[in-house]
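In: got a predicted structure plus its sequence, pasted below:
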Amino acid sequence: MHILLLEDDHLMIEALDRELRRAFGQSRLTLESVRSELEFRRRLPQLRVKLVDVAVLDVMVQWMSIDSEPLEAPAKDDPAAEGHHRAGLRCASGLRNVGFAGPIVLYTVLQHEDLASDLEQLEVIHVPKNAPADRLVSKIREALTRCQSR
Amino acid sequence: MSQPTPSSRRPVSPSLLLLQASASAHKASVPALLHALATQLSAAGAALWELVPTASSHSSPADARLFTSGAWFANDNRFVSTRLPLIGSATGAAIRHGKTLRIPDISLDARVHHPDCDVLRRHKIKSMACSPLAISPPRPAAIAVYRTASQSPFSQSDARRLKRLAEILPFALESAWTSQRLRLIARTTTLLSPQAVSYVPPSDDIRRGPLATLAEDLAEALGCFEVSILLRHSTSPASPYQLVATNWTKPISKLQYRADPADGLTGCSLQQRAPLRLFDLLDDNELADARRRHPKLCWLDSLNLKSALPDIYSFHPEQSWPPISWLSCPVFAGDTYWGLIRCCAATGQPYYFSDSHSQLLAVIATQIGHYWHRHISSALIQAEADAWRAAIASLQSANASFERAAHTKVPDVDLIEQTLLSQLCESCTRIRGILVRRSESPKATRVAAAAGEVWGRKGRKLASITNGMPARPTSTREAALRSRESEVLVDAQSDSELGNLLPNGTLLITTAIHSGRSVLGFLDIITDSVLQVEQFRKMAALIASQFGMYETLGHAIQRSHDQRSQTQLALMELSTTKDMHRRMFEDLAHQVRGPISQAYTRAVNATEDFEKGSLASRDLKVIRGLCGKSRRATESMSLVSALSDPTKVFRIEPQQMSRLYVQDLLLLLIQAADDNQAMIEDSRRVRLVVDRESINRLGDASLSVEQSLFEQAINNLLDNARKYSRADSVTRIFCGRSNSGNFSVTVASVTHPQMRIRSSDISRLILRGERGNLASYTTGEGSGIGLWVVDQIMKAHGGNLVLEPTRDDGITEVRLVFVQTNMERQ
């Protein structure tokens, strides 16, 4: 199981790592975490999408890490210049553009109605962060089952 | 009969006669001259005979008659005859043969047997002599002198003297007439000239004023029983001719005429606009002859003239009534026709009107024309000035009403316009009415009546203008719409839309009321004043534009009023919504604050129970940090809620001040540092270190603060340090005291070289919602209110937030400064 995780909160990464490993098995899970939109973009061309089973993306994600060298603001005409509030959606779109056909789960504090139009357009699954911890796992399982049955 | 006459003893002196006539020219008249002539011939009477004017041209000699154009008799000078035949009478014979005749005894002469000679017998005439006259203009005439039975008959010598006098008499008559004519012209000039000292305007009383005086003078000079002047006050074809002056003293039933044969000879003369002279209105032959001479002269008499004659000629026996002669002359001023002056004779000599009389009347009529034209022009100027004055006053009043109303509400445009129209109608006497027709609703037609004459009907269905307008406008309204200017219809009754509503003889001025490119309606002014049409046209354009402005402004104010009402409603709704949201924020914050604080406290306590370094201990620290962060977020949420209350000025005010001693401060800072440290990823190796020494150095000092706010402030600073410090760096928290004695808590962190804070950035960074340019891209959280909240908290404590520019070594210090008054020493 290979999960691509976009999350800028290290505490959340830590918690998810525990939860997912507990659900999918310590040794069978590969959790590839990406900490910012900029990093996601940089890694996207080298990403072996066929190896990724599912992508779990936060939506409100920082553009770059404070530890990035150098610090680089997005260009003025870059959609990222509008702010971090929809960074996860931009990354989801980027994933689809490079041919990723697997399930994408938006794991976010934003509510379903805030993202309704984007969810349909990008064919993504929405799981709110304030839902019970096993909700994310069950959604990932469901999505994977659907993908395999196609 | 043999009694010697004085003339026989006195030589005739023609020169003396002429001299006497000339010397007394100022009072000379036909009777006076005949009296003088009779005296010269010792005659009891003298008569001037002329051929009836029409007889010479159209009657046969057998029908020709002579009439008395002047007479003097010692006992009765009212000698009048109109039927003395030219052929068969002695006087006629003198005229026809051009010879002086002497008839010693008329009773023996067959030529003196005409019925009119009964008059001679009544005067007891015994002898007569007559001689032809060469009067000017040339016309058959003769002078006859008479002696009574008590006098001796005329001798041959008398006849010769008569002949000589007859040669001189025409000159004396002409001289007398000229004198009289000049006096009349001078008198007219005096009465009517604007330069004359005695000039007075016409009077409303037809028997007073300069024109009435002139009528009396003319009546006296020409022997008229009536002289009247009929003039109109406007050149409008429909304007009637008013009797403005007369010498007639008896009651008058007809004061107004039209240029129409239906209004009798006067109406016919008004229509002809040319001089008209008739010898005898009672003579059917004469009238027939007049109609032959003037084919268009055909009138209907409403007055039975014969029945009126006894009143006129009460002094005459019926058989000696003089001819009823008529002379009328048009009154012009330039090309403008104003009316006529009519003269009816005769109550005295010369009993008829000659060419010279007609010429005199023409001169006087011309002077009357100029006089009247000046009067009307002056009246028109006055009327125009009055009309404009009234219009301006009405417009000012309407504008003031509009302005007053516009301040408080939507002006009632209908009422303002109606008032304006009514005022105009009342004050402009020549406006018979004003009517406004609205395009969108024919039933909204507004009518203003003038002088109590209501000529319109509300709600009348008016024809509408179709989109496909005909090639030629069928109504004044269409013409006005097409030309975009005022249109004038001289005969208002011919208007296809309003014609049957309007009075006879009025003009219709129609103007479209525009608002931008659209036509709102039409303004119609109905007037009987042709002379003021141009003025009323301009007035109509002005009022129409004013109405257009009222309508446009009224609609704009109405729209603005509606929008304002809607905006007020929306604002009220928004305010209610915001208020509701604010209360919900407060409720939620209240609900969260308690549990979070409790969770945080329990996490702090639990941490102590767990073995340090264990996973559970670490988790608890994280939980404590998260709870602390949540607690601060809850407090910030309360602040945001307070900010959204528009009725209050936002200000953080400490509610419960408490004393914070040095050791308490140390613990508080360590706990805050630990909470934030737990939130930092280990791999970043960022440490938050409290400089205990710097705090301990403060000794027994204490701070007076509200602890929760102070915690909020210090945690906000550490939160920033946690998020923006460079990896592998130490953030120091220390306290100190400045030279001025102020106490400070400082957070000094290592800033990324690309995120250095410059002096110019400091004031901006403290503002609400502001963050460093790059900082905003390095976190997926934060609203940019952290430093602003800290600043507000410090101000609430009488202190300051001091943000220092990043030093060269990369350290940025943020300092909470408390003034000395907040500190106390134990």
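Out: Yep, it's here. Since the structure is predicted, the reported quantities are computational estimates derived from the model, not experimental observations. Numbers count the residues shown, from 1 in each chain, chains lettered A, B, ... in the order given.

In: what's the local residue count around the residue nearest to A:Leu47 when sequence neighbours are not counted?
Out: Excluding the flanking residues, the one nearest A:Leu47 by CB to CB, 6 or more residues apart in numbering or on different chains is A:Val98, at 6.8 Å. (Glycine included, C-beta is placed from N, CA and C.) Using other CB atoms under 10 Å in any protein chain shown, A:Val98 is surrounded by 10 other residues.

In: pLDDT wise, what is A:Val98 at?
Out: As predicted, A:Val98 sits at a pLDDT of 90.

In: quick one, phi psi at it?
Out: With angles defined as degrees, to the nearest 10, A:Val98 sits at phi -90, psi 10.

In: need the contact list for the closest residue to chain A within the stretch 551-700 of chain B.
Out: Using CB to the nearest CB, the closest approach of the stretch 551-700 of chain B to chain A is made by B:Glu681 at 4.0 Å. Counting by CB atoms under 8 Å, 6 or more residues apart in numbering or on different chains, B:Glu681 makes contact with A:His10.

In: then B:His97?
Out: With CB under 8 Å, 6+ apart, B:His97 has no contacts at all.

In: phi and psi next, for it.
Out: According to degrees, to the nearest 10, B:His97 has phi -100, psi -10.

In: next one: the one 4 residues further on
Out: Note on B:Leu101: backbone dihedrals following degrees, to the nearest 10 are phi -110, psi 150.

In: distance of it relative to chain A?
Out: 138 Å (CB to the nearest CB, to the nearest Å).

In: right, and that residue touches B:Ile95 too?
Out: No - applying CB atoms under 8 Å, one finds B:Leu101 not in contact with B:Ile95, separated by 10.1 Å.

In: pLDDT averaged over stretch B:787-798 - what is it?
Out: Per-residue scores along stretch B:787-798 average to 88.

In: any idea how far B:Ala32 lies from B:Val80?
Out: Distance of B:Ala32 to B:Val80, given as CB to CB, to the nearest Å: 18 Å.

In: more neighbours, the two?
Out: B:Val80 (22 against 17).

In: list the contacts for B:Leu620?
Out: B:603, B:606-607, B:610.

In: got the phi/psi numbers for it?
Out: Dihedral angles (degrees, to the nearest 10) for B:Leu620: phi -60, psi -40.

In: now it, nearest residue through space, not along the chain?
Out: Per CB to CB, 6+ apart, closest to B:Leu620 is B:Thr607, 4.8 Å.

In: what about the strands in chain A?
Out: Along chain A, the segments classed as strands by DSSP state E run A:2-6, A:30-34, A:54-57, A:104-108, A:125-128.

In: now B:Pro31: closest residue in space, sequence neighbours ignored.
Out: B:Trp72 is the one closest to B:Pro31 (CB to CB, 6+ apart), at 4.8 Å.

In: so how far is chain A from the one you found?
Out: B:Trp72 is 128 Å from chain A, by CB to the nearest CB.

In: flag the helix or strand of chain B with the lowest per-element mean pLDDT.
Out: When each helix and strand of chain B is scored by mean pLDDT, DSSP states H and E, strand B:446-449 comes last, with a mean of 43.

In: now B:Pro240: closest residue in space, sequence neighbours ignored.
Out: B:Gln256 is the one closest to B:Pro240 (CB to CB, 6+ apart), at 4.7 Å.

In: give me the phi and psi for the one you found.
Out: Taking degrees, to the nearest 10 as the convention, B:Gln256 sits at phi -140, psi 130.

In: again, but for the one 3 residues further on
Out: B:Ala259 has phi and psi values of phi -80, psi 70 when expressed as degrees, to the nearest 10.

In: what about it, how many residues nearby?
Out: Look at B:Ala259: counted by other CB under 10 Å, it has 21 neighbours.

In: from memory it sits against B:Tyr241, does it?
Out: Yes - the pair B:Ala259 / B:Tyr241 is scored as a contact, 7.1 Å apart, by CB under 8 Å.

In: overlap in contacts, the two.
Out: B:Leu270.

In: any weak-confidence spans in chain A?
Out: Chain A contains residues with pLDDT under 70 at A:150.

In: close to chain B: what parts of it are there?
Out: Listed as neighbours of chain B in chain A under the rule CB under 8 Å from any CB of the partner chain: A:8-11, A:58, A:60-68, A:70-71, A:73-74, A:83-84, A:87.

In: so who does B:Leu66 touch?
Out: Neighbours of B:Leu66 in contact, by CB under 8 Å, 6+ apart: B:49-52, B:81, B:84-86, B:89, B:91-92, B:95, B:140, B:142.

In: where does confidence bottom out across those?
Out: Least confident by pLDDT among these: that is B:Ser81, with 73.

In: near it, how many other residues are there?
Out: Around B:Ser81 there are 24 residues (other CB under 10 Å).

In: top helix in chain A by residue count?
Out: helix A:133-149 (DSSP state H).

In: quick one: that helix to strand A:2-6, angle?
Out: 130 degrees (axes from the mean of the first three to the mean of the last three CA atoms, to 10 degrees).

In: can you name every helix or strand that helix A:133-149 contacts?
Out: Judged by 3 or more CB pairs under 8 Å, 6 or more residues apart in numbering or on different chains; DSSP states H and E, helix A:133-149 is in contact with helix A:10-24, strand A:54-57, strand A:104-108, strand A:125-128.

In: recalculate using a threshold of 6 Å.
Out: strand A:125-128 (3 or more CB pairs under 6 Å, 6 or more residues apart in numbering or on different chains; DSSP states H and E).

In: parallel or antiparallel, which strands does the strand it packs on pair with?
Out: strand A:104-108 (parallel) (DSSP bridges).

In: for the residue of the stretch 551-700 of chain B closest to chain A, give me the pLDDT.
Out: 89.

In: and it, how far from B:Arg96?
Out: B:Glu681 is 159 Å from B:Arg96, by CB to CB.

In: can you point out the buried residues in stretch A:53-72?
Out: A:53-68, A:71 (16 or more other CB atoms under 10 Å in any protein chain shown).

In: run the chain-centre distance for it.
Out: Averaging C-alpha positions (CA atoms, centre = their mean, to the nearest Å) puts stretch A:53-72 10 Å from its chain's average.

In: that one: end-to-end distance?
Out: Terminal residues of stretch A:53-72 lie 31 Å apart, using CA to CA, to the nearest Å.

In: what lies in contact with that stretch?
Out: A:1-8, A:35-38, A:80, A:84-85, A:87-88, A:91-92, A:95, A:102-108, A:110, A:140, B:727, B:754, B:774, B:777-780 (CB atoms under 6 Å, 6 or more residues apart in numbering or on different chains).

In: what residues does chain B have near chain A?
Out: B:681, B:727, B:754, B:774, B:777-780 (CB under 6 Å from any CB of the partner chain).

In: any stretches of the stretch 501-650 of chain B with poor pLDDT?
Out: In the stretch 501-650 of chain B (pLDDT under 70), the answer is B:501, B:582, B:586, B:590, B:643-649.

In: now the strands for it?
Out: Applying DSSP state E, counting those that start in this stretch to the stretch 501-650 of chain B gives strands spanning B:507-515, B:518-527.

In: next: the stretch 51-200 of chain B.
Out: B:65-73, B:84-85, B:101-103, B:125-134, B:140-148.

In: ok, the stretch 651-800 of chain B next?
Out: B:658-661, B:687-690, B:701-705, B:730-737, B:743-750, B:800-803.

In: buried set for the last one?
Out: So that's strand B:800-803. Per 16+ other CB under 10 Å, strand B:800-803 contains these buried residues: B:800-801, B:803.

In: cool, the second one as well?
Out: Using 16+ other CB under 10 Å as the burial criterion, the residues of strand B:687-690 that qualify are B:688, B:690.

In: so in that sheet, which strands flank that strand, and in what orientation?
Out: Partners of strand B:687-690, by DSSP bridges, with direction: strand B:730-737 (parallel).
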